[in-house]
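Trainee: predicted coordinates and the sequence they were generated for:
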Amino acid sequence: MLENRVIDIPWKAGGDAQALLQREWLVTNGLGGYASGTVHGASTRRYHGLLVPNLPSPRGRTSLVPQFEESAEAGKDRVVFSCGENRDGQSESQAAACLKSFRLEWRLPVWQFEWKGRLFEKRLLMPHGMSTVYVEYRMIEGEPVRLHLRPYFGMRSHEKLSEAAVWPFTFVIKQGRHEIHAEPHAGFELKMGLGPDAIFCSKEKKNHFFYRVEKERGLPDGEFLFSPGYFRGTLEPGRHLVFFASTEPWEYLEADFDKIQESELARLRKLLQAAPEPMQSGMAAELVLAADQFIILPGNRVRENMLIKASGEHVRTVIAGYHWFTDWGRDTMISLEGLCLCTGRFDEAKAILRTFANYIRDGLLPNHFPEGDNQAVYNTVDATFWYFHALERYLQYVHDPQTLEILFPVLRAVIEKHIQGTAYGIGMDKEDGLIRGSIDHYALTWMDAKVDDWVVTPRRGKPVEIQALWYNALRLMEEWSAVCEPSCGGFFADLAARVHESFHKRFWYAEGRYLYDLVDGEKGDDAKLRPNQIFTLSLRHPLLKKDYGPAVLESVRDKLFTPFGLRTLAPGDPEYQPHYRGDRRARDAAYHQGSVWPWLIGHYLSAWHAVHGDKEAFQVFQDAMQRHLADDGIGSISEVFDAEAPFEAGGCIAQAWSVAEALRLMYAQRVARKARDEARQKAAV
């Protein structure tokens, strides 16, 4: 029997509204679309909105309802419990005064408001696989109130703000149905409504809205939005009102809300039941549900989805982070074990691996797909090698020789392309067998911050983690050759041995007792203390000799470890930045120059376990993440944290590999604990 999954946010009526503005909720639809906002109700980012579907290319994620005002009236009394901020940063919202509680219930946000002796509830959901949002209002106790709901329309990319008060759409009411028609040939209409007894009041309104987080990020922070009117309905005990907005056909929208909600809850319960038993309770269960938000069918790539499906394959990918990331090859492969394998979603893991195999070009896995674009960008040296790691992890969980046989020729071609040399200056150095990556104006590793022409951490040359991933890939190909093509196993073994020898000649930085971050760089060998060296110990086939492990891990522990993950640069370095904040240039200067990344803790602890046989510091990290689940992006894990206490979160409010690595660690811990308990029981008998 699964326990009810609830994350409660402590709140006392009349508390500081800032606490509500800083906490954000996120609901997704399995297509890359989402709804998101603050607990307060005010949209503080350009990305916030009641309905942001992932529309077919070239649109991508489109903010259709970026602002949504909610108020209630009883006699001459009126309360506004959700309202945006004006250009002065002020809002009419009385949410802080009348909010009684907020919770996530099976990932769905639920607000309870108390006003004038009345208690009413609001909950929101997006049905999986549909570009639709429902907002239900239910009177718990008290006298009836008149509910007023005013949507403002954007019809813009979720990355951009409306630049002028020119509305590229028309409002249409026909046969009692309300529609917003976008510019000609848009390919969709926005449908909306509030139940059969509600009234639409045609009262146009134009407002300028302010987005405080955008101002903090040094970006344009305001826009004019238009509303053609508002919906009005009576909320009374024993009945509910349900507002909906959707791009789906009308016949999809007339089902009973209670049935829709129960269907979505049943889907989430089924996901949790499919997870391994140790992952069905506590924080692990919350993260299993959080993982669901990242695994999607890419709703914008309709044509490619159709072609892949026609071949008998399933299409799946991973959103790297909400709100602004699309699907990234590197993030997807790093996240695959935690998001899919530790949660029992094996078919989706296979679909992701096979989907991305279709996108390999010139021996490279895509770096990412730009917003709304069918064409991938391939400027990455590491994503391709993470693909080998992801496949290895999949095969450890699932006996699937057929997938290995299908993918082996693709992987062999990848190795051949890297030996010959491929795009972006990526290829094997014939002298030592190590992989280099070097091209102007690009950063090819995961440390890829770039502002205009400034590449913050170019790392051109031979980065340490790339050699670890390359060596791991070669050893895996040696293993897989025994099954798929025995004649080539010796080639991979010989090349791996050469890489191993070359690496140990070049990468040990004796003075610091750790590894160079880069050799043969533009300025020679780079001795900056960074976390990238942990991958030489954490992968299936570790590149670094075990004798060097204790010294490397001690350096990382002493200078880079925090409760929230690993710093990306050691304090004391001239380029070290302790805080991730300010405008884009300031933030990107800190992105990989000190900022803490939670995903790195997984490989740090894997490396520690490989060398020392225990999992030091796991509990410290778990406790920090447990507290974090009630802050920032509620129920998920942020992209980065400041490098110094109190380690404030930054970047995306929900990041795939942050959640994935926490899941992977919890899975390993809980499975190991279960095995120990079973062993003790057997011994006692």
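Mentor: Structure's in. What do you need? Numbers count the residues shown, from 1 in each chain.

Trainee: could you measure from Thr403 over to Ala643?
Mentor: 40 Å (CB to CB, to the nearest Å). All C-beta spots, glycine's among them, are computed from the backbone N, C-alpha and C.

Trainee: now whichever helix or strand Val213 is part of: mean pLDDT?
Mentor: Taking DSSP states H and E as the criterion, Val213 maps to helix 212-216. Averaged across helix 212-216, pLDDT comes to 94.

Trainee: what residues are up against the nearest residue to His628 once chain neighbours are set aside?
Mentor: Setting aside the residues directly before and after it, His628 is nearest to Ile637 in space (CB to CB, 6 or more residues apart in numbering), at 6.3 Å. Residues in contact with Ile637 (CB atoms under 8 Å, 6 or more residues apart in numbering) are Leu287, Ala290, Pro598, Met625, His628, Leu629, Ala654, Gln655, Ser658, Val659, Ala662.

Trainee: mark which of the residues you listed are buried, thanks.
Mentor: Leu287, Ala290, Pro598, Met625, His628, Leu629, Ala654, Gln655, Ser658, Val659, Ala662 (16 or more other CB atoms under 10 Å).

Trainee: pretty sure the fifth one is touching Phe647, no?
Mentor: No - in this structure, His628 is not within contact of Phe647 by CB atoms under 8 Å, at 9.1 Å.

Trainee: quick check: neighbours shared by the two?
Mentor: Phe564.

Trainee: circling back: tell me which of Thr403 and Ala643 has more neighbours.
Mentor: Legend: neighbour count by other CB atoms under 10 Å for Thr403 and Ala643, higher for Ala643 (26 against 17).

Trainee: can you tell me the element that one falls in?
Mentor: Going by DSSP H and E, Ala643 is not in any helix or strand.

Trainee: what's near enough to touch it?
Mentor: Applying CB under 8 Å, 6+ apart, the residues near Ala643 are 562, 567-568, 571, 576-580, 590, 594-596.

Trainee: equivalent analysis for Ile466, please.
Mentor: Val381, Asp382, Phe385, Ile435, Gly437, Thr445.

Trainee: neighbours of the nearest residue to the fifth one once chain neighbours are set aside, how many?
Mentor: What that stands for is Gly437. Excluding the flanking residues, the one nearest Gly437 by CB to CB, 6+ apart is Val381, at 3.6 Å. The number of residues packed near Val381 is 33, by other CB under 10 Å.

Trainee: for His181, same thing?
Mentor: Residues near His181, counting by other CB under 10 Å, number 15.

Trainee: A helix includes it, no?
Mentor: No - counting by DSSP: H, G, I helix; E, B strand; the rest coil, His181 falls outside a helix, being strand.

Trainee: beta partners for it?
Mentor: On the basis of DSSP bridges, His181 is bridged to Thr170, Glu189.

Trainee: so where is the stretch 501-650 of the chain shaky, pLDDT-wise?
Mentor: 614-616 (pLDDT under 70).

Trainee: go again using 80 as the cut-off
Mentor: 613-617 (pLDDT under 80).

Trainee: all strands of it, in order?
Mentor: 508-509, 514-515, 518-521, 524-526, 561-562, 565-567, 596-597, 640-641, 649-650 (DSSP state E, counting those that start in this stretch).

Trainee: and the second one, what does it pack onto?
Mentor: Going back to what we said before, that points to strand 514-515. Here strand 514-515 touches helix 549-559, going by 3 or more CB pairs under 8 Å, 6 or more residues apart in numbering; DSSP states H and E.

Trainee: list the contacts for Trp480?
Mentor: Contacts of Trp480 (CB under 8 Å, 6+ apart): Leu404, Phe408, Leu411.

Trainee: now render these as a markdown table, adding secondary structure and pLDDT.
Mentor: As requested, these are exported to a markdown table (DSSP: H, G, I helix; E, B strand; the rest coil; pLDDT from 0 to 100):
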| residue | secondary structure | pLDDT |
| --- | --- | --- |
| Leu404 | helix | 97 |
| Phe408 | helix | 98 |
| Leu411 | helix | 98 |
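
Trainee: now, among those residues, which is nearest to Pro370?
Mentor: Each of those was checked against Pro370 using CB to CB; the closest is Leu411, at 26.1 Å.

Trainee: in contact with that closest one, which residues?
Mentor: Leu411 neighbours (CB under 8 Å, 6+ apart): Tyr387, Phe388, Leu391, Ala473, Met477, Trp480.

Trainee: pull out the buried positions in the host helix or strand of the second one.
Mentor: Meaning Phe388. Phe388 belongs to helix 383-397 when assigned by DSSP H and E. Of all the residues in helix 383-397, those buried under the rule 16+ other CB under 10 Å are 383-395.

Trainee: and the longest helix anywhere in the chain, what does it pack onto?
Mentor: Longest helix in the chain, counting residues (DSSP state H): helix 656-684. Other elements packing on helix 656-684 under the criterion 3+ CB pairs under 8 Å, 6+ apart are helix 282-291, helix 329-336, helix 600-612, helix 618-628.

Trainee: try 10 Å this time
Mentor: Helix 656-684 sits against helix 282-291, strand 317-318, strand 321-322, helix 329-336, strand 565-567, strand 596-597, helix 600-612, helix 618-628, with contacts defined as 3 or more CB pairs under 10 Å, 6 or more residues apart in numbering; DSSP states H and E.

Trainee: off-centre distance for the fifth one?
Mentor: Looking back up the chat, that one is strand 565-567. On the basis of CA atoms, centre = their mean, to the nearest Å, strand 565-567 is displaced by 18 Å from the centre of the chain it belongs to.

Trainee: direction included, what does it pair against?
Mentor: The pairing partners recorded for strand 565-567 under DSSP bridges are strand 561-562 (antiparallel), strand 596-597 (antiparallel).

Trainee: flag the shaky bits of the stretch 51-200 of the chain, pLDDT-wise.
Mentor: Residues of the stretch 51-200 of the chain that meet the cut-off, pLDDT under 80, sit at 87-90, 163-169, 175-176, 182-188, 195-197.

Trainee: show the residue spans covered by the helices in it.
Mentor: Using DSSP state H, counting those that start in this stretch, the helices of the stretch 51-200 of the chain run over 95-98.

Trainee: hmm, back to that, switch the contacts of Trp480 over to TSV; also include distance to Asn367.
Mentor: Converted to TSV, the contacts of Trp480 look like this (distance: CB to CB, whole Å):
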residue	distance to Asn367
Leu404	25
Phe408	24
Leu411	18
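
Trainee: and Leu161, how many residues sit next to it?
Mentor: Neighbour number of Leu161 under other CB under 10 Å is 20.

Trainee: verify the stated contact: it with Arg46.
Mentor: Yes - taking CB atoms under 10 Å as the definition, Leu161 is a contact partner of Arg46 at 5.5 Å.

Trainee: pLDDT of the longest helix of the chain, averaged?
Mentor: Helix 656-684 shows an average pLDDT of 85 in the prediction.

Trainee: that helix: how far from the chain's middle?
Mentor: The answer for helix 656-684 is 24 Å, by CA atoms, centre = their mean.

Trainee: ditto for stretch 651-661
Mentor: 5 Å.

Trainee: ends of it, what's the gap?
Mentor: With CA to CA, to the nearest Å as the measure, stretch 651-661 spans 17 Å from end to end.

Trainee: mind listing what's buried along the longest helix of the chain?
Mentor: Residues of helix 656-684 classed as buried: 656-670 (neighbour count, 16+ other CB under 10 Å).

Trainee: ok, so of the residues you listed, who is nearest Ser82?
Mentor: Val659 (27.8 Å).

Trainee: who are the neighbours in contact with the closest one?
Mentor: Taking CB atoms under 10 Å, 6 or more residues apart in numbering as the criterion, Val659 is in contact with 286-288, 290-291, 293-294, 321, 335, 338-339, 598-599, 625, 635-638.

Trainee: who's Gly427 bridged to?
Mentor: The partner residues for Gly427, given DSSP bridges, come to Arg436.
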